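Asks: model this:
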Amino acid sequence: MRSTFFGLEVARSAMQANQVALDVVNHNIANAKNKAYSRQQATMAVNSPFMMPGMNKPTNPGQIGTGVHIEQIRRLRDQFADIQYRKENKFLGESEAKQRALEQMELVYNEPSDSAIRGNIDEFWQSLQDLSVKPELEPVRTTVRQKALQLTESLNHAYSQLDELRKDNDSEIETTVIEVNSLARQLRDLNNEIIRVEVGGDKANDYRDRRDQLLDDLSKLVGIQTEEDNFGAVNVYINGKALVSNTTCNEFAITTKKVDADHDFREVRWADTNDLVNITGGTLKGLQEVRDEIIPQSIAKLDETANTIANHINTIHAQGLGLDGQTGMDFFAANATAHVLDTTSYIFKGDTNDFTGTCTFTLNGQNVTFAAGANNKETLTNLQNALEGAGVTGLSVKLIEDKINNQFRLEMHSTKPISFDTLNAPATANSAATLKQLGFTSTDKAASNIAAKPQITAKNITLSDEIKNSLRNIAAGTKPTGWTLGTKPAPADGTNAMALANIKQTKLLIGSRDGAPVTTVTDFFNSAMSELGVWSQEALNTKDNKEILLQGLDMRRQSVCGVNQDDEMADMIVYQHGLSAAARMISTLNDIFDTIINRMGV
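Replies: Predicted structure coming up:
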């Protein structure tokens, strides 16, 4: 038989349940503007009824309810939307890193602009055109030298800025790794707290909200996969390897690797095994692609532009005459000769013959001997075979052929500095110049102590010492028939300057190694700038598209976990009335008990 005070317990449970529900509503309203918060809901369930089935069950009809209790305070969250959001978030982080770098690269080039590289190239061609008309005038020669110097400085500056941007991205990789490690440690600590709370049967809703926010932040930095274990801890994987596992984390480590003589770049490795981290997305991947692919590709095109201009100008300029009869002089040069790993010869017509005799020298300790052939192509081939047969470690030699223009040049690449220790050249007055044309530079008049002539790049291009020292050394004239060493050209001879200016319109072997000229220098550079613009626009479009997609996914998440204040106000009124009704029931029961106890008597 139930107690006389049975109704009080039922009303008390109703008051308590509605009070907890109001507290949950209060918590929701307090966090209505908190984007990381997930709406919570108090789930009510009936208590076990009075008079369960049994042999001693009273004869009263039916079961009598015993009230209500809060079964759980559940957190409303769309787990599938979270997975989709984090999957797309890594692409946003990657595209933002690329777009930011490409935007800075566009600022470095500042194209189109009269003061940028394209404008400087055009002004240099125009100065050579003017020189061909009045080669005897010193102001015209001054303009040629000044425009050339302006071009080299703009190439040097562009390389310097791109290289600095590359180093900045490398530094940002370490900053991002530090942030990833910090997030991993926080996730580990939250896993521990969540397990401690939920092992007793409670739900660590607020801890879980904080953890989900950290996972969102982490997914933008590096591509992750997640799974929750039976204890409530989340495990975080990067390409199958655990970054966070239950209450432990395996952090990233930074090591450095020398990629060339000027750069030591950071590598991201696992701290426990020292293996490279296979990064598949996020800001880290974007930074790595910018550092290792995008900027180097742009620098390579800049180098190709500088090298092609310098090589073709030098080849024609060396064949011309200065005002005092000088010849064999380079117009452009590299501003450094130490630790040379790459060198290239002049560009030669394949069906002419500019060499005679036999030459012997020592290359990095190995003897090399080659003989002049019937034409320039054969001579260069003989030198290529001799270099390849010398057994020099780390040396590769390639003969580059321009089939359309019937031109050839020799390129050498080495894994260690190239040095030429001794020389036995044909006893001719021009032996040192011959070796220089083949890619070697003599350091004294005896034509001994030969060193590699550095490959001209955007980094090191400058004017040769001959051009810097005297305007009269600009070879605007050509050698007349029967010319002998020291004979001066006619003062008004600008035919070689015209040949130099005509390089502007000549399709050259640039941006290709298949033997077919592809375009002019100017068009090649314009194409490189257009390609950069396309990359930048693609990165911007990708970033904008991912932002729109993430906004849609987040709206989907917020439709489930977001707090709607109108809904909360409606729930507040419901629970308030429930609490008031329960309190009224207790008051009514109190009156009944007062009558029974105090007013009923014998």
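
Asks: Following the chain onward from the helix or strand of the chain with the lowest mean pLDDT, which element is next?
Replies: Within the chain, no helix or strand scores below strand 450-452, which has a mean of 49 by mean pLDDT, DSSP states H and E. Under the assignment DSSP states H and E, the closest C-terminal helix or strand after strand 450-452 is strand 461-463.

Asks: Contacts for that following strand, please.
Replies: With contacts defined as CB atoms under 8 Å, 6 or more residues apart in numbering, strand 461-463 is touched by 145, 148-149, 152, 155-156, 306, 310, 331-335. Placement of C-beta: from N, CA and C, glycine included.

Asks: I'd like the next helix or strand past it.
Replies: Next element after strand 461-463 (DSSP H and E): helix 465-469.

Asks: counting contacts, what elements does that following helix pack onto?
Replies: Packing contacts for helix 465-469, counted by 3 or more CB pairs under 8 Å, 6 or more residues apart in numbering; DSSP states H and E, involve helix 138-198.

Asks: pLDDT below threshold where in the stretch 201-350 of the chain?
Replies: For the stretch 201-350 of the chain, applying pLDDT under 70 flags the ranges 336-342, 346.

Asks: Tell me where it has helices.
Replies: According to DSSP state H, counting those that start in this stretch, the stretch 201-350 of the chain carries its helices in the segments 205-221, 282-289, 295-319.

Asks: Pull out the buried residues from the longest one.
Replies: Yep, that's helix 295-319 we're talking about. By neighbour count on 16 or more other CB atoms under 10 Å, the buried set for helix 295-319 is 295-296, 298-299, 301-319.

Asks: Also stretch 544-553?
Replies: By neighbour count with 16+ other CB under 10 Å, stretch 544-553 contains the buried residues Lys546, Leu549, Leu550, Leu553.

Asks: got the contact list for that stretch?
Replies: Contacts for stretch 544-553 (CB under 8 Å, 6+ apart): Ala81, Gln84, Tyr85, Glu88, Asn89, Phe91, Leu92, Ser95.

Asks: quick one: which of those is nearest to Pro489?
Replies: Proximity to Pro489 was ranked across the contacts of stretch 544-553 by CB to CB; first place goes to Ser95, at 58.4 Å.

Asks: tell me the contacts of that closest one?
Replies: Gly286, Ala539, Thr542, Lys543, Lys546.

Asks: same question, Phe265
Replies: Asp170, Thr256, Lys257, Val259, Arg291, Asp292.

Asks: could you redo the last one with a cut-off of 6 Å?
Replies: Phe265 makes contact with Asp170, Lys257, Val259, according to CB atoms under 6 Å, 6 or more residues apart in numbering.

Asks: Counting neighbours, what do you get for Ser115?
Replies: By other CB atoms under 10 Å, 11 other residues sit near Ser115.

Asks: Please report how far Glu193 lies from Ser160.
Replies: Distance, Glu193 to Ser160, by CB to CB, to the nearest Å: 50 Å.

Asks: Which one's more surrounded, these two?
Replies: Glu193 (17 against 13).

Asks: and the closest residue to the more buried one other than its chain neighbours, how many neighbours does it have?
Replies: In this structure, Glu193 finds its nearest non-sequential neighbour in Tyr207, 5.3 Å apart by CB to CB, 6 or more residues apart in numbering. Tyr207 has 20 neighbours, counted by other CB under 10 Å.

Asks: One more: the one 10 residues further on?
Replies: Around Asp217 there are 17 other residues, counting by other CB under 10 Å.

Asks: Return the residues in contact with it.
Replies: Neighbours of Asp217 in contact, by CB under 6 Å, 6+ apart: Leu183.

Asks: where's it relative to Ala458, distance?
Replies: For Asp217 relative to Ala458 (CB to CB), the value is 39 Å.

Asks: for Asn89, same thing?
Replies: 37 Å.

Asks: ditto for Leu218
Replies: Separation of Leu218 from Ala458 (CB to CB) stands at 39 Å.

Asks: again, but for Val521
Replies: 13 Å.

Asks: for Lys220, same thing?
Replies: Lys220 sits 34 Å away from Ala458, going by CB to CB.

Asks: who has more neighbours, the two?
Replies: Using other CB under 10 Å, the more surrounded residue of Lys220 and Ala458 is Ala458, with 25 against 22.

Asks: Isn't the more buried one up against Leu302?
Replies: Yes - Ala458 lies in contact with Leu302 (CB atoms under 6 Å); the separation is 4.2 Å.

Asks: For Ile121, pull up the helix or strand it's in.
Replies: Assigned by DSSP H and E, Ile121 belongs to helix 117-133.

Asks: In that helix, which residues are buried?
Replies: Within helix 117-133, the residues that count as buried by 16+ other CB under 10 Å are 117-121, 123-125, 127-132.

Asks: the inter-axis angle of that helix versus helix 295-319?
Replies: 10 degrees (axes from the mean of the first three to the mean of the last three CA atoms, to 10 degrees).
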